[in-house]
Structures are given as C-alpha cells and as structure tokens.
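> Okay, here's the prediction I keep looking at, along with the sequence it came from:
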Amino acid sequence: MKIKEKLAGNYKETGACTLAFLGDSLTQGAFESDPDSIHGVFDFDCVYHNVLKKMLNARYPSMPVNIINAGIGGETAADALKRVGRDILSHSPDFVVVCFGLNDVGGAYEDYIHALKQIFLTLEEQHLESIFMTPCMLNTYVAEHTHAKLRAYAAETAAYQNSGRVDQYINGAVQTLSGMGIRICDCYKLWKQAAQNGADTTAWLCNGINHPTREKHRIFAEELFKIMTEDEHV
C-alpha cells in the first residue's frame, strides 16, 4: 500500500502508519554545539521528521503516525548500510526516508554512491516504499558563532562546499538514484537556490557547519509533506 493510501486509510483496518528515517546528525536531531559535550545539543521535538509528523497528524487526525529515528551523528551512507536490517527492516515501516551526504564528502565519492545504491536495493528487496532526501548545504565560511573547538573543521567543510565537492556528491547521488527509479526530495537544490538569490545559508546552520536551525528544519518537513500528500483527493 502506497504511503498516501495508508495515511488516508482506516486505522482499524490497516493499523498505524510507520515512517522510518535513516541518516546522520541532521536526522538524529542535533542542533547547537555544546562546549561541555562532544555530542552537542539534541532537540527531538524540532527535528524535521517530528515536524512532519505534526503536519500529518493535522491532516489525518485519526491515523496514528509512528516515527523511527534511525539517524546517527557522524555517520556516512557506508556506515548506515551495515545497520539497515537492525534499524529499518526490523520495524517493517510503510515509508523510508534516506538522507546522507554531509559526512560522506570527507570520503571517496565512489564509496558514497555505492553505499546509497546498496541501501536502496536492500529496501527494494523488501518492497519498501522509499525516497532519497538530499541534505542542506554545508557552511560557506567560518561563522563567528561556530564553537572555537570546531573552527578548524568548519574551515574544511567550507572548502568542501565552496570547491563544488558537495555539489558533485549530491548531484551524483540524485542522478544515480533517479536512474534507478528512486524518488527524490531535493532539499539541497532549494538551499542552493536560496544561496544564489543572496541568502546567507551559513546563518541557517545553528552550529555554523551542518546542523540547520529549528526554523530551517521545516524546509525538509514541508517538502516531504508535499510528496507524501500530493495528488490526493480525500
């Protein structure tokens, strides 16, 4: 059953709707840096998939929506491939959102693309409806609000973004997965368009590197909501 049909269905007949999100710190729910913790600040109420859940609850008040948060900070697609069975398949979700790229740019392009392909092939083998959601941009400069301990790393990530390396990875993933018939939620494209129109997208990152602000998490939620509810007549 497609996700739109499940959401608009009868809970008594179909059971609750379960959405699973496989990703890195953006998906886990990391926000500001914390000088007293290597993990930073987590806000599970404001992470994009919880915002999405609230939007779906408002649209479908009688259908319970369960969220599987399978995001782990610092991970790459290759890391996540090793835990798809445990963190995704074991829950038998109705819909899976996969989002990687922010950490992958520090490794080999081929490893990133291969891991993504294998993740989606694994999901397809289990007949799970899935989508690739592209992440935000990395920072384009070392911002004043970046924690002192992270400024050297922020200089590296800014170089990745400004050199076109992030574009290469994300655009390559979109092209490869689209060619496999995987649906794309291209939020990265929206961030790039905003930057080209003059927006300071680094100011949209609450840690100055790769964690969108609470407000900007809504971009991901809104784009997913459109895809999950489009063309419905309920």
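That came through, no problem.
> contacting residues around the residue positioned nearest the centre of the chain?
Nearest to the mean C-alpha position of the chain, counting by Cα atoms, centre = their mean, stands residue 99 at 3.7 Å. Going by Cβ atoms under 8 Å, 6 or more residues apart in numbering, residue 99 touches 21-24, 26-27, 132-135. Any C-beta I mention is one placed from the backbone N, CA and C, and that applies to glycine too.
> Mind doing that once more with 10 Å?
By Cβ atoms under 10 Å, 6 or more residues apart in numbering, the contact set of residue 99 is 21-24, 26-27, 48-49, 71, 77, 80, 131-136, 185, 187-188, 220.
> Restricted to strands, list those.
If you go by DSSP state E, the contacts of residue 99 have 21-23, 71, 131-133, 185 in strands.
> Can you list the low-confidence ranges for this protein?
Residue ranges of the chain with pLDDT under 70: 35, 37-39, 231-234.
> now the helices: where do they sit in it?
Secondary structure of the chain by DSSP state H: the helices cover 3-7, 11-14, 25-28, 48-59, 77-81, 84-87, 109-125, 151-162, 165-179, 187-196, 214-229.
> Quick one: closest of those to residue 34.
Among the helices of the chain, the nearest to residue 34 by Cβ to Cβ is helix 25-28 (12.8 Å).
> Which other helices and strands does the closest one contact?
helix 48-59, strand 65-71, strand 95-99, helix 214-229 (3 or more Cβ pairs under 10 Å, 6 or more residues apart in numbering; DSSP states H and E).
> re earlier: buried deepest among the helices of the chain, which one?
Among the helices of the chain, ranked by average contacts under mean count of other Cβ atoms under 10 Å, first place goes to helix 25-28 (a mean of 24).
> returning to what we had before: in a markdown table: the helices and strands packed on helix 25-28, plus distance to residue 41.
Shown next, in a markdown table, are those (distance: least, Cβ to Cβ, whole Å):
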| stretch | distance to residue 41 |
| --- | --- |
| helix 48-59 | 15 |
| strand 65-71 | 15 |
| strand 95-99 | 20 |
| helix 214-229 | 11 |
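> among these, which is nearest residue 147?
Short answer: helix 214-229, nearest of the helices and strands packed on helix 25-28 by Cβ to Cβ, at 18.1 Å.
> and the closest one, how far from the chain's centre?
When distances are taken as Cα atoms, centre = their mean, to the nearest Å, helix 214-229 is centred 10 Å away from the chain's centroid.
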